[in-house]
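Chemist: this one's sequence-less:
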């Protein structure tokens, strides 16, 4: 089965895994209480700050072709900080797909949501697709997204991905690389992000476990 590589291989900060880009079949292009008054005031302040940061950051528009569909559950949170983290994480995932479709490892939208070693690893992942002339197609569902907010502008996320309807495609021929659905079609992710000076939650680290029991249907 030649399903697309996982973000573990694509974005892990260990050099060996970043270069291996292993897929579920082993195939890859080269083979992620206060009282109510205080609570209300705090929430309003956070929401206002978030809105200001949103405007200051000037987040890029990300467009994907009609054959590439991504969905995220939950899409948002009642907590403004968690909401911002979930939103930027979803945009990062969209930017990764957009970079592959554009065959551009330095796509500005991808660089916008990554930093440091995470950015370098993301570029290597996209370049692997470029080198063999592959793109992505199909539907990927990201679900059970949970945020843990840390201190000093740090946070972590865990979530699952259903790649049972997502595949790699040879650009020149249109050949779809693999259609078989197995346990390995489901992936668990762990992500670390940091908030930059413009209020963007950038990817710093990511790990994944393909075939994770907790993500099985």
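Modeler: Perfect, I can see it now. The model shown is predicted, which means the values in this text are computed figures rather than measured ones. Numbers count the residues shown, from 1 in each chain.
Chemist: Which strand or helix spans the residue nearest to the spatial centre of the chain?
Modeler: Among the residues of the chain, the one closest to the centroid is residue 93, at 3.1 Å (Cα atoms, centre = their mean). Assigned by DSSP states H and E, residue 93 falls within helix 80-102.
Chemist: any idea of the mean pLDDT for that helix?
Modeler: Summarised as a single mean, pLDDT over helix 80-102 is 97.
Chemist: all helices for this structure, in order.
Modeler: With DSSP state H as the criterion, the chain has helices at 7-11, 15-20, 36-57, 80-102, 108-112, 116-132.
Chemist: looking at those, which one has the lowest mean pLDDT?
Modeler: For the helices of the chain, the weakest mean pLDDT is recorded on helix 15-20, namely a mean of 29.
Chemist: How about the residue nearest to the centre of the chain: what's its closest non-neighbour residue?
Modeler: Among residues not flanking residue 93 along the chain, residue 70 sits closest, at 6.2 Å (Cβ to Cβ, 6 or more residues apart in numbering). Any C-beta I mention is one placed from the backbone N, CA and C, and that applies to glycine too.
Chemist: And the one you found, how far from residue 95?
Modeler: Relative to residue 95, residue 70 is positioned 11 Å away (Cβ to Cβ, to the nearest Å).
Chemist: Specify which residue of the two has the higher count of neighbours.
Modeler: Between residue 70 and residue 95, residue 95 has the larger neighbour count (other Cβ atoms under 10 Å), namely 24 against 17.
Chemist: one step back: now do the same contact list for the residue nearest to residue 93.
Modeler: By Cβ atoms under 8 Å, 6 or more residues apart in numbering, residue 70 lies in contact with 64, 90, 93-94, 97, 139-142.
Chemist: and it, what pLDDT?
Modeler: At residue 70, pLDDT is 98.
Chemist: So residue 195 sits against residue 153, correct?
Modeler: Yes - between residue 195 and residue 153 a contact is recorded at 3.6 Å, counting by Cβ atoms under 8 Å.
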